[in-house]
Every structure is written in C-alpha cells, then in structure tokens.
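Asker: Turn this into a structure:
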Amino acid sequence: MLGTQFTKGSPCWIDLGSPDTEAAAAFYTAVFGWEFRSAGPEAGGYGFFQQDGRTVAALGPLTEEGANSAWTVYFHTPDADATAKDAESAGGAVRLRPIDIMDAGRAAALTDPGGARFAIWQPGTTKGLDRTSSTNTLVWVELHTPDPEGTLAFYRTLFGWRTAEMDAPGMKYQVVSTADGDQQDASFGGAAELQDTNEGPRWIVYFDVEDADAIVTAAQGNGGSVLMPAADIPDVGRIAWLADPSGAAFAVLKPAPMG
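Answerer: Model prediction:
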C-alpha cells in the first residue's frame, strides 16, 4: 500500500482541477471531512485539503485549455527534466514542461502513449502528501487504458515499475509496484483494460474509507453522482466509483480485513 516514504515512480501527490474550487472544497469537506486551506494569494487559487492539519490532497482551478475537471496523480522523480525527456522519447507527450513551483519542487504535466494524463514531481521543500493509506486518504491509483501492456512498458521506461498479474472479476489486472523493495509491499496501484468506451484513458484515485455505502450516500446528497455502485470485490474490499458535482471521477475502497 501507499506510504509517504516516496521513491522513484511512487505516487506522491494528487490534485483536483476544478472549474469551481469553492464548490469542490465544499463537496469534499462534506464527503470526507477534509478542511481546505488556501496556499495564499500568490498561488492562483491553489490550496490543500487537510486532515488534522496534514495534507491529503490539493485543489486548484483548471489551467489547461479545454481541460475537464479531473484528479491528477503525480509520480515522484529525482529529475523532472530527464523524466520529461524520457517520456517524449518513449512515445508520450509533455503538456507542461518542467517548472519550479516556488521552492516546493519541480513539476511537469505529461500524457502517456495511451492518452492518460499524469504529472511528475521532483521534490524541493515539499516531499509529497503528509498522510496516505488511512481513513479518507489516498490508498491506491489505477490506470484504465486500451493497451495496458504497451502503456505499462512506457512507465517502466520512466520509473522501472514492476507488475504482477492478479485474478480480477472479468478482466486481466496488473498490480504495479515501484522498482525497489519487496514487490508486494511496494505495490501502490493497478492497470486494467479500459472497459467504458465512453470514457477516455485515465488514472483513477482511490480513497480508503470506513463505510463505502455511507460515502456513496454522502456524495449523492452533496451533488455528486454514482458511476459504479458499491460492490464487494473478493480479497480486495468494497468499492464504489463516484463523480463530484463537476464530473471529476474518483473511487472509494473499504479494504477487506487482512489475514
């Protein structure tokens, strides 16, 4: 599961681009109990979702032409410029070239060869999220793409990821791990073939929850919608896919008991 000792290729940050940051902050506060704290007037409306004063996600206005509201996953890199160059060489695209975010770190926005958008983060004073893999925080990220094998080869070039096939209902599922450490302990996400042709390739963020059904009810009660009703996945847990009022998709997981 995700930790906060970030290594090359591990998810280290997530943020939501929204056309209405005030409404988005209100929605996620109501659903997850987060608090939103602005990063200040010089940050252009960007700020942090926090839990007990610890950053668990971030939120900002949409900045790219034609962009839809969505969660973006950032992967750790020791060298954003080198990773962006490698991405282009491996068939990806660089939408936003590496830039310094004050002294916090260096970021770039990329698109993989399958069309899924993601970002990279070279840490400065900000290493990444303060809290993961606990209630109402990020616990898993998942890539849905037309060609999982081909697209994962791209990420292996960038980050050295390892993969292991897992039995999953109705699909071939690849569990993804960082390059270092025990492969199971270093797992942080998965990849599967895109099932819904109405949706493009994308990364989906999963939040750990104590009660998936209660979160579904809270999301609907605050203007969100249900993309996939809560369902039990053997040996994984109870999962639901949701969308916030601006249409940004995310998922929740009540993990199955260990052992």
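
Asker: Any stretches of this structure with poor pLDDT?
Answerer: 197, 259 (pLDDT under 70).

Asker: Excluding chain neighbours, what is closest to M228?
Answerer: Counting by CB to CB, 6 or more residues apart in numbering, M228 lies nearest to W241, which is 3.7 Å off, once chain neighbours are set aside. Quick note: C-beta positions are derived from backbone N, CA and C, even for glycine.

Asker: now the one you found, which residues is it bridged with?
Answerer: M228, A251 (DSSP bridges).

Asker: how many other residues sit next to it?
Answerer: By other CB atoms under 10 Å, 19 other residues sit near W241.

Asker: Pretty sure it sits against A230.
Answerer: No - W241 is beyond contact range of A230, at 9.3 Å (criterion: CB atoms under 8 Å).

Asker: that older thread, what's near enough to touch the residue nearest to M228?
Answerer: Contacts for W241 (CB atoms under 8 Å, 6 or more residues apart in numbering) come out as I204, V226, L227, M228, A249, F250, A251.

Asker: Mind doing that once more with 6 Å?
Answerer: By CB atoms under 6 Å, 6 or more residues apart in numbering, W241 lies in contact with L227, M228, A251.

Asker: again, but for V73
Answerer: Going by CB under 6 Å, 6+ apart, V73 touches P11, I14, F118, V141, W203.

Asker: Go again with 7 Å.
Answerer: V73 is in contact with P11, I14, F118, V141, W203, V205, counting by CB atoms under 7 Å, 6 or more residues apart in numbering.

Asker: Can you lay out those as TSV showing distance to G124, secondary structure and neighbour count?
Answerer: Shown next, in TSV, are the contacts of V73 (distance: CB to CB, whole Å; DSSP: H, G, I helix; E, B strand; the rest coil; neighbours: other CB atoms under 10 Å):
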residue	distance to G124	secondary structure	neighbour count
P11	18	strand	25
I14	18	strand	25
F118	20	strand	22
V141	23	strand	23
W203	24	strand	24
V205	23	strand	23
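
Asker: In TSV, list those residues along with distance to V175.
Answerer: Below are the contacts of V73 laid out as TSV (distance: CB to CB, whole Å):
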residue	distance to V175
P11	14
I14	19
F118	18
V141	12
W203	15
V205	16
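
Asker: Can you pull the phi/psi pair for T157?
Answerer: For T157, the backbone dihedrals are phi -60, psi -40 (criterion: degrees, to the nearest 10).

Asker: Quick one: neighbours of K172, just the number.
Answerer: Neighbours of K172 (other CB under 10 Å): 13.

Asker: does it count as helix, strand or coil?
Answerer: For K172, the assignment made with DSSP: H, G, I helix; E, B strand; the rest coil gives strand.

Asker: now A153
Answerer: Quick answer, by three-state DSSP: A153 is helix.

Asker: Which of the contacts of W241 are buried, as a PyMOL select command?
Answerer: Those of the contacts of W241 that count as buried under 16 or more other CB atoms under 10 Å are selected in PyMOL with:
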select buried, resi 227+251
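
Asker: which pair in the contacts of V73 spans the largest distance?
Answerer: Pairwise distances across these peak at 11.2 Å for F118 and V205 (criterion: CB to CB).

Asker: Show the contacting residues for the residue nearest to A43 when sequence neighbours are not counted.
Answerer: Spatial nearest neighbour of A43, chain neighbours left out: G60 (7.8 Å); criterion: CB to CB, 6+ apart. Contacts for G60 (CB under 7 Å, 6+ apart) come out as D15, G17, T21, G45, Y46.

Asker: can you list these in CSV and add neighbour count, distance to D180 and secondary structure?
Answerer: As requested, those are exported to CSV (neighbours: other CB atoms under 10 Å; distance: CB to CB, whole Å; DSSP: H, G, I helix; E, B strand; the rest coil):
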residue, neighbour count, distance to D180, secondary structure
D15, 19, 26, strand
G17, 23, 31, strand
T21, 20, 36, helix
G45, 14, 36, coil
Y46, 18, 31, coil
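
Asker: Quick check: the farthest pair among those residues?
Answerer: Once CB to CB is applied, these give D15 and G45 as the farthest pair, at 11.7 Å.
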